[in-house]
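S.K.: one predicted model, sequence on top.
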Amino acid sequence: MATLKAVRGTRDLLPPETELWNRVEATARAVFARYAFGEIRTPIFEDTQLFARGVGEETDIVSKEMYTWEDRARAASEKAQSLTLRPENTAGVVRAYIEHKLDESGMLQKLFYIGPQFRRERPQRGRYRQFWQIGAEVIGPAWSGSERAIRDAEVLEMLATFLNEVGVKGWRLALNSVGSATDRPRYVAALREALAPVKATMCENCQRRAETNPLRVLDCKEPGDQATIEALPKIADFLDAESRDHFEQVKAALDTCGVPYVIDPRLVRGLDYYTRTTFEFTVPDGSGLGTQNALLGGGRYDGLSEMLGGPKAPGIGFAIGEDRLILTLQAQAAEATPKKLDAFVAPIGAAQNPAALQIAKELRAAGLTIEVGDGDFRLRKSFEAADKLAHRMVMVGEDEVASGILTVKYFEAGEQTKVPRSELAEALRTVPAK
RNA sequence: GCGGCUAUAGUUCAGUGGCAGAACGCCGCUCUGUGGCAGCGGAUGUCGUGGGUUCGAAACCCACUAGCCGCCCCA
């Protein structure tokens, strides 16, 4: 019989790698908490309409990458419904915001999430069909200050702090403003017009993009097209006074807080709901991501709530590609030394197994990480296993059990001492000098 | 979704048509109250899956599956 395997684009995360995942998530929780964010958990699947309206019917995500199925009615009282595994989490958070009338609190909502997302793309390193995002949203009624530039700057400063604390080296923040909901179409129209006479000279991709999605032309990496692209209209010239002012305030706050950034007038993002500030954090080549070098992205979505039938609720958010962050940390880590246990408890003779288990229980209760051997093992085998797993080994033989004085071997120091059982936990906490 | 490269032991890989290999790791013994070293021995396996060519296929051909690289797009 054919063996079953994890389906394409999905994967198992195993120890010791999961330890890194936990560290990343713990760091995110700790940092976000300092900025007064609370956790939200939304469903893994939602009504398909949520993504069609929120993310945008015309985006690649919605038009060809979603896992959608018809959840048929199973009773007369039940209606058939099109459901979709979430391809991103912002739409779900905004849906929950509307559904639970969080705007009526009058307070700014600061929500973060950690969870899997699903897109049916061709898998590649750093790109999976089930992938994890760590994200956050700041959203609220206008009077809560949700559309103020200080919120944008706070989010960006928090991300810089998070990346530094989690240990990402060499990150780069690219920043742009795509303007208000009316600025953007005006710019796209101007772009189309400017492209019409020159597109014939451009690469095949650009000729197609000039028709389907002119903003994407700005992303082109074809060397021969760069001069043409430089000459195209700039989004900055199409911002209304408020958007321009908003962007200036964001930049000023970042300057004051010492968060480095690069203005990238060509940074356009694929989700339809973005307005004003958009950003992306990337890592340098050689960080383990290849061309998938965008670690996280985000932006402001001042009209999203209304698009979903909710009240006016401006907001800004981001999503970190956790899989990519992990790959980056692994590639950048000089050498990941596997973490060792505090001690290995080695019974000598199977008769000592119960006593060894009891000692392990006491030590674990004292907060130590402990593995227990088996008295059937020859002592040599216990030593080998212990040295591989732990810093120290506690020998539990007949003599030790009788006297209550245990023999402890410290592998790094190569020393061996006798320790009364009552002082054992304390002795294992201290690392002897080499 | 498109183009390309790849798939052999737990891992990294060698093997260009004639007995399935190396290193590391693993297991055993020397050695049942003192490890790391050493010596000796052992197992590594559907050569990704299915078909084809051939006296003979891990190798050549086709299809499929999966991973990777690039594109598209995005985190």
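M.R.: Now that the structure is in, tell me what you want to look at. Numbers count the residues shown, from 1 in each chain, chains lettered A, B, ... in the order given.
S.K.: okay, CA-based contacts and neighbour counts for the rest of this
M.R.: Noted.
S.K.: what parts of the stretch 301-434 of chain A come near RNA strand B?
M.R.: A:319-324, A:348, A:376-381, A:383-384, A:387, A:395-400, A:407, A:409-412, A:414-416 (C-alpha under 7 Å from any atom of the strand).
S.K.: count of neighbours near A:R429?
M.R.: 13 (other C-alpha atoms under 10 Å).
S.K.: hmm, it is touching A:D342, no?
M.R.: Yes: between A:R429 and A:D342 there is a contact at 7.5 Å, judged by C-alpha atoms under 8 Å.
S.K.: now do the buried residues in stretch A:193-203.
M.R.: A:195, A:199, A:202-203 (16 or more other C-alpha atoms under 10 Å).
S.K.: same question for stretch A:131-146.
M.R.: Applying 16+ other C-alpha under 10 Å to stretch A:131-146 flags A:131-142, A:144-146 as buried.
S.K.: what mean pLDDT does that stretch get?
M.R.: Averaging pLDDT along stretch A:131-146 gives 96.
S.K.: measure that stretch end to end?
M.R.: 29 Å (C-alpha to C-alpha, to the nearest Å).
S.K.: burial count for A:T3?
M.R.: 4.
S.K.: does it sit in a helix, a strand or a coil?
M.R.: Under DSSP: H, G, I helix; E, B strand; the rest coil, the three-state class of A:T3 is coil.
S.K.: pLDDT at it, what is it?
M.R.: 70.
S.K.: residues contacting A:V268?
M.R.: A:176, A:178, A:215-216, A:218-219, A:278 (C-alpha atoms under 8 Å, 6 or more residues apart in numbering).
S.K.: again, but for A:E398
M.R.: A:348, A:352.
S.K.: from A:K381, how far out is it?
M.R.: 18 Å.
S.K.: and what of A:A319?
M.R.: Counting by C-alpha to C-alpha, the gap from A:A319 to A:K381 is 48 Å.
S.K.: so those two - more neighbours on which side?
M.R.: A:A319 (23 against 14).
S.K.: for that one, which residues count as its bridge partners?
M.R.: A:G135, A:G297 (DSSP bridges).
S.K.: going along the chain, name the strands of the stretch 251-400 of chain A.
M.R.: Taking DSSP state E, counting those that start in this stretch to define them, one finds strands in the stretch 251-400 of chain A at A:262-263, A:275-282, A:294-300, A:315-321, A:343-347, A:370-372, A:392-396.
S.K.: these: which one's closest to A:T27?
M.R.: Between A:T27 and the strands of the stretch 251-400 of chain A, the shortest gap by C-alpha to C-alpha is with strand A:315-321, which sits at 13.1 Å.
S.K.: count the residues that sit near A:E204.
M.R.: 11.
S.K.: meant to ask about A:L159, not that
M.R.: 21.
S.K.: can you verify it is assigned to a helix?
M.R.: Yes: checked against three-state DSSP, A:L159 lies within a helix.
S.K.: can you check what pLDDT the model gives it?
M.R.: Looking at A:L159, the pLDDT reads 97.
S.K.: show me what contacts A:R34?
M.R.: Counting by C-alpha under 8 Å, 6+ apart, A:R34 has no contacts.
S.K.: next one: it, what pLDDT does it get?
M.R.: Reported pLDDT for A:R34: 97.
S.K.: hmm, A:F118 is touching A:P87, no?
M.R.: Yes: taking contacts as C-alpha under 8 Å, A:F118 lies within contact range of A:P87: 4.7 Å.
S.K.: anything in contact with each of these two?
M.R.: What both A:F118 and A:P87 touch, as defined by C-alpha under 8 Å, 6+ apart, is the set A:M66.
S.K.: how about A:R127, what does it touch?
M.R.: A:9, A:121, A:292, A:323-324.
S.K.: try it again at 7 Å.
M.R.: Contacts for A:R127 (C-alpha atoms under 7 Å, 6 or more residues apart in numbering) come out as none.
S.K.: beta-bridge partners for it, please?
M.R.: Beta-bridge partners, per DSSP bridges, of A:R127: A:Q124.
S.K.: do A:G38 as well
M.R.: A:L111.
S.K.: where do the helices sit along the stretch 1-150 of chain A?
M.R.: A:17-34, A:48-51, A:60-64, A:90-99, A:149-166 (DSSP state H, counting those that start in this stretch).
S.K.: just put those in JSON lines and tack on distance to A:A210.
M.R.: Compiled in JSON lines, the helices of the stretch 1-150 of chain A are given as follows (distance: least, C-alpha to C-alpha, whole Å):
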{"stretch": "helix A:17-34", "distance to A:A210": "40"}
{"stretch": "helix A:48-51", "distance to A:A210": "25"}
{"stretch": "helix A:60-64", "distance to A:A210": "16"}
{"stretch": "helix A:90-99", "distance to A:A210": "28"}
{"stretch": "helix A:149-166", "distance to A:A210": "31"}
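S.K.: let me have the ones you listed in JSON lines, adding distance to RNA strand B as columns.
M.R.: Shown next, in JSON lines, are the helices of the stretch 1-150 of chain A (distance: least, C-alpha to the nearest atom of the strand, whole Å):
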{"stretch": "helix A:17-34", "distance to RNA strand B": "14"}
{"stretch": "helix A:48-51", "distance to RNA strand B": "13"}
{"stretch": "helix A:60-64", "distance to RNA strand B": "5"}
{"stretch": "helix A:90-99", "distance to RNA strand B": "9"}
{"stretch": "helix A:149-166", "distance to RNA strand B": "13"}
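S.K.: before we move on, the earlier item: intersection of neighbour lists for A:R429 and A:D342?
M.R.: Between them, A:R429 and A:D342 share no contacting residue, judged by C-alpha under 7 Å, 6+ apart.
S.K.: so where's chain A uncertain?
M.R.: A:1-2, A:270, A:334-338, A:431-434 (pLDDT under 70).
S.K.: could you list the domains of it?
M.R.: A:17-179+A:253-332, A:181-238, A:343-429 (automatic domain parsing).
S.K.: quick one: end-to-end distance for the longest one.
M.R.: Read that as domain A:17-179+A:253-332. 15 Å.
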